[in-house]
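Peer 1: Turn this into a structure:
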Amino acid sequence: MIPLYLRIANFIETKILKGDYLPGDKIPSENVLAEEFNTTRSTVRKALSELEKKGIITRVFGIGTFVTEINVISKKKIGIIVQNTKIVYGIIKFCSKIGSKCFVVESIPNLEAEKNAIKELLSMGVDGIIMEPTIITMGNEILKSLLNSNFPIVFVDRNIDIGMSVPTVLNDNYHGGKILGEHMRKYHKTKKPLYVTSEDLTISSVQERYQGISSGLKIKPEILKIPTIDGDYSKLVKLSKNFDTIFFCNDMMAVRGITTLLKANVKIPEDVKIVGYDNDYVSKVIEPPLTTINQDLSLIGETAASLIVRLIKKENIEMINRIKSNIVVRNSCGCGKGEKHV
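Peer 2: So this is what the prediction gives:
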């Protein structure tokens, strides 16, 4: 557990890094901060001392505490190995506020490409790497070597067990799955659910979504694994007769599933109800529009960027950081026309 004075220091520093407090700005007084965090002035003073040691703030006796320049931080370089463009946007958005440079590599189709991407970023002199791991990452010895040497690395969107702890920022997939399952149980009486994924349940996001859905439904859905997102969905046509609801692990799979079922004259939601996860842009344009879970992917990126900066500065951070989500109700689940965020 991170001590309160360090949490206060991290809170103030984050606001400075995000531009809420600019160089020369006066930050709240010790009394105000003590009241806000329900603690003593001595604890706040200790937090401010940490920031002053780093040169982030300057305290002027009798006048107040002011933000100083963040020259050291602004010179850092951040490497990005992330496929989700919204997460990348969040990372770049945060880094642009503090002046850090970002280097983004292309998509990673296999383990060798992932290793080469890391080598490429290191050759550019990056001070830390934010990456979206996949199952292939488990065999990445270059990554493991970097982690063993305490090189700053943050995972986003999912947590992969590679034999060592890695700071991770991800959607609260269990919570998202649970509210999705609860909606289908309470409003649509789902009793025969199917869960469709292209990845193993060893992937944290896949497993947590499944567990959340099971909790919300109060029953465990059967599982169908399709080898790839672009794989063969024809099995769904026959299976749809045995299930009243199909939960897809993500929206891209859901759209492919809906397209396959509609071509086979399976009516949605009359014959089978469909739900997805991610609130991708395609969820709005498919017919019927897709009920799904909305993630604040940009916030995931911004949070990851703030963590990598702290790691570069050798600060203590929380290992698992979860971002809450909400359900977007549309027609595919059997609800009426229109869109509602809950």
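
Peer 1: Output the below-cut-off pLDDT ranges for this structure.
Peer 2: Scanning the chain with the threshold set as pLDDT under 70 gives 1, 60-63, 69-74, 107, 337-342.

Peer 1: swap the cut-off to 50 and go again
Peer 2: When the per-residue scores of the chain are filtered using pLDDT under 50, no range remains.

Peer 1: can you pull out the helices in it?
Peer 2: For the chain, the helices defined by DSSP state H occupy 4-17, 30-36, 41-53, 71-74, 85-98, 111-123, 141-148, 173-188, 204-217, 235-239, 251-263, 282-285, 297-312.

Peer 1: Dump those helices to JSON lines, plus distance to residue 162 and mean neighbour count.
Peer 2: Placement of C-beta: from N, CA and C, glycine included. Formatted as JSON lines, the helices of the chain follow (distance: least, Cβ to Cβ, whole Å; neighbours: other Cβ atoms under 10 Å):
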{"stretch": "helix 4-17", "distance to residue 162": "26", "mean neighbour count": "20"}
{"stretch": "helix 30-36", "distance to residue 162": "38", "mean neighbour count": "15"}
{"stretch": "helix 41-53", "distance to residue 162": "31", "mean neighbour count": "17"}
{"stretch": "helix 71-74", "distance to residue 162": "28", "mean neighbour count": "14"}
{"stretch": "helix 85-98", "distance to residue 162": "20", "mean neighbour count": "20"}
{"stretch": "helix 111-123", "distance to residue 162": "12", "mean neighbour count": "16"}
{"stretch": "helix 141-148", "distance to residue 162": "6", "mean neighbour count": "15"}
{"stretch": "helix 173-188", "distance to residue 162": "19", "mean neighbour count": "21"}
{"stretch": "helix 204-217", "distance to residue 162": "12", "mean neighbour count": "22"}
{"stretch": "helix 235-239", "distance to residue 162": "32", "mean neighbour count": "15"}
{"stretch": "helix 251-263", "distance to residue 162": "25", "mean neighbour count": "20"}
{"stretch": "helix 282-285", "distance to residue 162": "31", "mean neighbour count": "17"}
{"stretch": "helix 297-312", "distance to residue 162": "17", "mean neighbour count": "24"}
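
Peer 1: right, so of those, which gets closest to residue 198?
Peer 2: Distance to residue 198, taken as Cβ to Cβ, is lowest for helix 251-263 among the helices of the chain, at 6.3 Å.

Peer 1: circling back: how about the helices of the chain, which one is nearest residue 269?
Peer 2: Among those, the nearest to residue 269 by Cβ to Cβ is helix 173-188 (8.2 Å).

Peer 1: coming back round to it: for residue 336, find the nearest of the helices of the chain.
Peer 2: With Cβ to Cβ as the yardstick, what comes closest out of the helices of the chain is helix 173-188 (10.9 Å).

Peer 1: could the helices of the chain go into TSV alongside distance to residue 333?
Peer 2: Listed next are the helices of the chain as TSV, based on distance: least, Cβ to Cβ, whole Å:
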stretch	distance to residue 333
helix 4-17	37
helix 30-36	41
helix 41-53	47
helix 71-74	45
helix 85-98	23
helix 111-123	36
helix 141-148	39
helix 173-188	6
helix 204-217	13
helix 235-239	16
helix 251-263	11
helix 282-285	12
helix 297-312	22
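
Peer 1: Those helices: which one's closest to residue 160?
Peer 2: helix 204-217 (7.1 Å).

Peer 1: So which elements touch that closest one?
Peer 2: strand 168-171, helix 173-188, strand 193-197 (3 or more Cβ pairs under 8 Å, 6 or more residues apart in numbering; DSSP states H and E).

Peer 1: C-alpha coordinates for that helix, CSV please?
Peer 2: Listed next in CSV are the C-alpha coordinates belonging to helix 204-217 (Å, rounded to 0.1, in the frame of the first residue of the first chain):
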residue,chain,number,x,y,z
SER,A,204,-7.0,-11.6,-18.4
SER,A,205,-9.5,-9.4,-20.3
VAL,A,206,-11.2,-12.5,-21.9
GLN,A,207,-11.4,-14.4,-18.6
GLU,A,208,-12.6,-11.4,-16.6
ARG,A,209,-15.4,-10.5,-19.1
TYR,A,210,-16.5,-14.1,-19.0
GLN,A,211,-16.5,-14.2,-15.2
GLY,A,212,-18.4,-10.9,-15.0
ILE,A,213,-21.0,-12.1,-17.4
SER,A,214,-21.4,-15.3,-15.5
SER,A,215,-21.8,-13.4,-12.2
GLY,A,216,-24.4,-11.0,-13.8
LEU,A,217,-26.4,-13.9,-15.3
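
Peer 1: orientation of it relative to helix 173-188 in degrees?
Peer 2: 30 degrees (axes from the mean of the first three to the mean of the last three Cα atoms, to 10 degrees).

Peer 1: outside of helix 204-217, which residues touch it?
Peer 2: The contact list for helix 204-217, computed with Cβ atoms under 8 Å, 6 or more residues apart in numbering, reads 157-160, 170-171, 173-185, 190, 193, 195, 197, 199-201, 220-221, 223, 247, 249, 277.

Peer 1: Skipping its backbone neighbours, what lies nearest residue 16 in space?
Peer 2: Excluding the flanking residues, the one nearest residue 16 by Cβ to Cβ, 6 or more residues apart in numbering is residue 67, at 5.6 Å.

Peer 1: Do I have it right that residue 175 meets residue 326?
Peer 2: No - in this structure, residue 175 is not within contact of residue 326 by Cβ atoms under 8 Å, at 9.5 Å.
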